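Q: Need coordinates for the below:
(chains A and B)
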2 protein chains.
Amino acid sequence: MKIAILGGTGDIGEGLALRLAQKHQIIVGSREAEKAQDAANNYNRLLKEKGLKDDIRGMTNLDATKNSDVVILAVKYQFAIQTIQSVEGVLDGKVVVTPIVPMSKQKLCSYTPPEQGSAAKHICSVMPPEIRTVVAFQTLPAPRLADLNDPLGFDVIVCADDEEAKKLVMGLVSDLGNVRPLDGGGLEEAKLVESLTPLLINLAIKNKMKPLSIKFV
Amino acid sequence: MKIAILGGTGDIGEGLALRLAQKHQIIVGSREAEKAQDAANNYNRLLKEKGLKDDIRGMTNLDATKNSDVVILAVKYQFAIQTIQSVEGVLDGKVVVTPIVPMSKQKLCSYTPPEQGSAAKHICSVMPPEIRTVVAFQTLPAPRLADLNDPLGFDVIVCADDEEAKKLVMGLVSDLGNVRPLDGGGLEEAKLVESLTPLLINLAIKNKMKPLSIKFV
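A: Okay, here's the model as predicted:
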């Protein structure tokens, strides 16, 4: 499958690109083509060192979206709306995946959803209604996902109103390797998933633990 | 330690009573003394069958509170305020533990916090400010906790503004056996913990799994 990772030059984008590249054609997107190509080159170098498949490409967010079936919106919440609007003209027929979490941090982190109830619902509200939106990847700690020596062993919850798009993204979760996809319901349930991220950050801070993920047992 | 479990005749109260009774003096509370005594007798029978310590007592919520150091408010959210107000006169110096989650269910469950932000904050708001409140046990599935053959193996997040009370309750979590307490921060963070319960219920429904708990990995 052809997957664009918008804002794929950092944070969660790196780990998703490295791990999904083993089974899919990955295009890292950025506002500037050069920045995207640099990131793609870096990722390919890391993969080559491990003897892994290393054919990640880099393009502008717009070109990445044009050339993909699935678009992962790997940007911070404050850039989510402008990023999705910058590619809106070429979204037709594609599945948009949001790992986005609106949060604020003082000593600890809070979940700060917009008036729509969740980042996912906010993103949905600015796209044509026929674009299918899927919530996923919120509980993957970026540094561990990008560390190819980390065996993971986590669960990832996937929410969507469209069952076909949900299944497709649950398949992508499995393709990360040693990560179990779980059905979390529809977009109405997105806020229960988005609010896990500040919880995980707080637990790691308060209990002096490495970046944490989640398993349901 | 002397622990009152108000509303301890059902749901999460049963498992907490059975398991904490091995290291603590448990008093099951109910609005009617007879109902509490019946539940205590049933619990003691279950414990005796397993050759376990079986000295649980039953009293009215008021007497249970009077005779305890720690009060666990094991009632549904809609009864939380009236229950705490019914024992308010004898709460002085005690630690109040809330496993309570405000939620509604249609096809799936939603977290429905009150205007105070969480059940914990709501409960706090009706008590004298010197009563220490601790959030705990939200992610323990009642039927598995009450099944003494279940090995558990879960994490439980504990939140409180008073560090001493938090440590005391983290100790109680350990005393359940094979359950790890994690520090979740203060009462401001309670909503991140309370909202885990509807998530766990939804995941079990959507993925056709047994009642689920949580581990942070």
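
Q: Provide the contact partners of the helix ranked longest in chain A at residue level.
A: Longest helix in chain A, counting residues (DSSP state H): helix A:33-49. By Cβ atoms under 8 Å, 6 or more residues apart in numbering or on different chains, the residues outside helix A:33-49 that reach it are A:8-10, A:13-14, A:17-18, A:21, A:28-30, A:53-60, A:63-64, A:148. For every residue, glycine as well, the C-beta is placed using N, CA and C.

Q: Residue A:199 belongs to a helix, doesn't it?
A: Yes - counting by DSSP: H, G, I helix; E, B strand; the rest coil, residue A:199 is found in a helix.

Q: residues contacting it?
A: By Cβ under 8 Å, 6+ apart, the contact set of residue A:199 is A:109, B:157, B:184, B:189, B:192-193, B:196.

Q: Check what pLDDT residue A:105 gets.
A: Residue A:105 is assigned 95 on the pLDDT scale.

Q: any idea how far it lies from residue B:11?
A: From residue A:105 across to residue B:11, the span is 35 Å (Cβ to Cβ, to the nearest Å).

Q: which one of these two has more residues nearby?
A: It is residue B:11, of residue A:105 and residue B:11, that has more neighbours when counted by other Cβ atoms under 10 Å in any protein chain shown, with 17 against 12.

Q: Let me see the contact set for the spatially closest residue to the more buried one that is not a sequence neighbour.
A: Nearest non-adjacent residue to residue B:11, counting by Cβ to Cβ, 6 or more residues apart in numbering or on different chains: residue B:142, 4.8 Å away. Taking Cβ under 8 Å, 6+ apart as the criterion, residue B:142 is in contact with B:11-12, B:14-15, B:211.

Q: just residue A:151 next, same as before
A: residue A:178.

Q: Please apply the same query to the one 4 residues further on.
A: Contacts of residue A:155 were listed using Cβ under 8 Å, 6+ apart, and they are A:139, A:179-182, A:213-216.

Q: Checking residue A:158 next. Helix, strand or coil?
A: Counting by three-state DSSP, the backbone at residue A:158 sits in strand.

Q: correct me, but it touches residue A:182?
A: Yes - at 7.0 Å, residue A:158 and residue A:182 qualify as touching, with contact defined as Cβ atoms under 8 Å.

Q: Between these two, tell me which one has more neighbours.
A: residue A:158 (26 against 21).

Q: Mind pulling the model confidence for the more buried one?
A: Reading off the model, residue A:158 has pLDDT 99.

Q: Same question for the one 4 residues further on.
A: Residue A:162 is assigned 98 on the pLDDT scale.

Q: Can you give me the separation between the residue nearest to residue B:11 and residue B:150?
A: In terms of Cβ to Cβ, residue B:142 sits 11 Å off from residue B:150.

Q: Go ahead and name everything in contact with the helix or strand harbouring residue A:4.
A: Here residue A:4 sits within strand A:2-6, counting by DSSP states H and E. Identification of contacts with strand A:2-6 by Cβ under 8 Å, 6+ apart yields A:13, A:16-17, A:20, A:24-29, A:61, A:64-65, A:67-75, A:83, A:87, A:172.

Q: got the residues of chain A near chain B?
A: A:108, A:110-111, A:153-154, A:157, A:182-186, A:188-189, A:191-193, A:195-196, A:198-200, A:202-203, A:206-207, A:209, A:212-217 (Cβ under 8 Å from any Cβ of the partner chain).

Q: From the residues you listed, which land in helices?
A: Of those, the ones assigned to helices by DSSP H are A:191-193, A:196, A:198-200, A:202-203, A:206.

Q: burial count for residue A:205?
A: 15.

Q: Pull the contacting residues for it.
A: residue A:108.

Q: likewise residue A:158?
A: A:134-136, A:166, A:169-170, A:173, A:181-184.

Q: Could I get the residues you listed in TSV, plus columns for pLDDT?
A: Shown next, in TSV, are the contacts of residue A:158 (pLDDT from 0 to 100):
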residue	pLDDT
A:134	98
A:135	98
A:136	98
A:166	98
A:169	98
A:170	98
A:173	98
A:181	98
A:182	98
A:183	98
A:184	98
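
Q: Please report phi then psi for the residue nearest to residue B:11.
A: Per-residue torsions, residue B:142: phi -50, psi -50 (degrees, to the nearest 10).

Q: quick one: pLDDT of it?
A: pLDDT, residue B:142: 97.

Q: before we move on, what about residue A:116?
A: 98.

Q: How about the secondary structure of residue A:138?
A: Quick answer, by three-state DSSP: residue A:138 is coil.

Q: Quick check: it vs residue B:143, distance?
A: 28 Å.

Q: higher neighbour count, these two?
A: Between residue A:138 and residue B:143, counting by other Cβ under 10 Å, residue A:138 is the more crowded of the two (25 against 13).

Q: before we move on, back to that, pick out whichever of the contacts of residue A:199 sits closest to residue A:99.
A: residue A:109 (15.8 Å; Cβ to Cβ).

Q: re earlier: may I see the ones in helices among the residues of chain A next to chain B organised as a markdown table, with pLDDT added?
A: Conversion of these to a markdown table gives the following (pLDDT from 0 to 100):
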| residue | pLDDT |
| --- | --- |
| A:191 | 98 |
| A:192 | 98 |
| A:193 | 98 |
| A:196 | 98 |
| A:198 | 98 |
| A:199 | 98 |
| A:200 | 98 |
| A:202 | 98 |
| A:203 | 98 |
| A:206 | 98 |
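
Q: Neighbour-wise, which one of these leads?
A: residue A:193 (28 neighbours).

Q: Please give me every residue in contact with that residue.
A: Counting by Cβ under 8 Å, 6+ apart, residue A:193 has contacts A:135, A:138-139, A:157, A:159, A:184, B:199.

Q: Only whichever of these are buried, select them in PyMOL.
A: Entered in PyMOL, the line below selects the buried ones among the contacts of residue A:193, by 16 or more other Cβ atoms under 10 Å in any protein chain shown:
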select buried, (chain A and resi 135+138+139+157+159+184) or (chain B and resi 199)
